[in-house]
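A.B. asks: need a structure here:
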Amino acid sequence: MAKKVLKMMKLQVPAGKATPAPPLGPSLGQAGINIGEFTTRFNEETRDRMGEIVPVVVTVYEDRSFSLEYKKAPASYLIMKAAGIQKGSGKNASKKVGSITKAQLQQVAEEKMEDLNANDVEAAMKIMEGSARSMGVEIK
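C.D. replies: So this is what the prediction gives:
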């Protein structure tokens, strides 16, 4: 028989750098997860993605065990990395902070494809293009 799910949490944590300090520790503690076990397991499994922000879905079961499901980095992070910028524009309509090529956009869309609700790469590119536009990044 399958374990009963008690809670599901979506977190974004820097790869290989999970610590019991706030804000991660208190949110895990409220769910009844062993924080030390989570941090060591997360850090070991994401060591190869150092420097990235890793979205993770934590499923907590009735017996206080948990499972981790890792997603791709957020679209905004991938676009900023491709454009070589630190942050997006606060005024995206008037102030542009960078630009990326169609080839870079396609690469970002292909990387993020499995987490998107898109049937093909062209649809994924349109989603990524909208994200880039809202960040003040031009597509050339």
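
A.B. asks: Show me how this structure divides into domains.
C.D. replies: Here the domain assignment for the chain is 5-70, 75-139, based on automatic domain parsing.

A.B. asks: how about these in a markdown table, adding mean neighbour count and mean pLDDT?
C.D. replies: No exception for glycine: its C-beta is placed from N, CA and C like everyone else's. Shown next, in a markdown table, are those (neighbours: other CB atoms under 10 Å; pLDDT from 0 to 100):
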| stretch | mean neighbour count | mean pLDDT |
| --- | --- | --- |
| domain 5-70 | 15 | 91 |
| domain 75-139 | 16 | 90 |
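
A.B. asks: So which residues of the protein form strands?
C.D. replies: 5-14, 53-61, 66-70, 98-100, 137-139 (DSSP state E).

A.B. asks: What pairs with the second one, parallel or antiparallel?
C.D. replies: Based on DSSP bridges, the strands next to strand 53-61 in the sheet, each with its direction, are strand 5-14 (antiparallel), strand 66-70 (antiparallel).

A.B. asks: The ones you listed: which one's closest to Gln86?
C.D. replies: strand 5-14 (15.3 Å; CB to CB).

A.B. asks: Off-centre distance for that closest one?
C.D. replies: Taking CA atoms, centre = their mean, to the nearest Å, the mean C-alpha location of strand 5-14 is offset from the chain mean by 12 Å.

A.B. asks: Can you give the contact residues for that strand?
C.D. replies: With CB atoms under 8 Å, 6 or more residues apart in numbering as the contact definition, strand 5-14 has outside contacts at 24, 27, 31-32, 42, 46, 51-62, 74.

A.B. asks: May I see the strands paired with strand 53-61 organised as CSV, with distance to Ala132 added?
C.D. replies: Putting the strands paired with strand 53-61 into CSV (distance: least, CB to CB, whole Å) gives the following:
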stretch, distance to Ala132
strand 5-14, 19
strand 66-70, 24
